[in-house]
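S.K.: coords please:
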Amino acid sequence: MSKIGTYISETRNELVNKVSWPTWAELQSSALIVMVSSVIIALVVFGMDKIFEILLREAYNLMK
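M.R.: Reported below is the predicted structural model:
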């Protein structure tokens with residue numbers, strides 16, 4: 001049981017004293033970058049899906 005207590009104590013010490021946490025402004029900036037990137041990637045995937053849908057529909061129509 002003492003190993004678990006030591007682990008928790010050392011983990012807390014590291015999180016409080018050794019980790020450099022970002023500022024609120026840095027968090028907001030990072031969140032904005034992630035949101036914009038997610039929207040761009042979603043639009044690219046949507047566009048690719050639509051292009052493949054059209055291509056496959058035309059290929060199936062040619063085979064009829």
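S.K.: quick one: Met50 from Val19, how far?
M.R.: That one is not Met; residue 50 is Lys. Distance of Lys50 to Val19, given as C-beta to C-beta, to the nearest Å: 44 Å. For every residue, glycine as well, the C-beta is placed using N, CA and C.
S.K.: Between the two, which is the more surrounded one?
M.R.: Lys50 (10 against 7; other C-beta atoms under 10 Å).
S.K.: any idea how far the more buried one lies from Leu43?
M.R.: Counting by C-beta to C-beta, the gap between Lys50 and Leu43 amounts to 11 Å.
S.K.: who are the neighbours in contact with Val45?
M.R.: Contacts for Val45 (C-beta atoms under 8 Å, 6 or more residues apart in numbering) come out as none.
S.K.: Centre of the chain to the longest helix belonging to the chain, how far?
M.R.: Criterion DSSP state H: the longest helix present in the chain is helix 24-63. Centroid separation for helix 24-63 versus its chain: 14 Å, with C-alpha atoms, centre = their mean, to the nearest Å.
S.K.: now stretch 23-32
M.R.: Worked out by C-alpha atoms, centre = their mean, stretch 23-32 lies 15 Å from the chain centre.
S.K.: Could you tell me how many residues sit around the closest residue to Ser30 other than its chain neighbours?
M.R.: Nearest non-adjacent residue to Ser30, counting by C-beta to C-beta, 6 or more residues apart in numbering: Pro22, 7.1 Å away. Residues near Pro22, counting by other C-beta under 10 Å, number 10.
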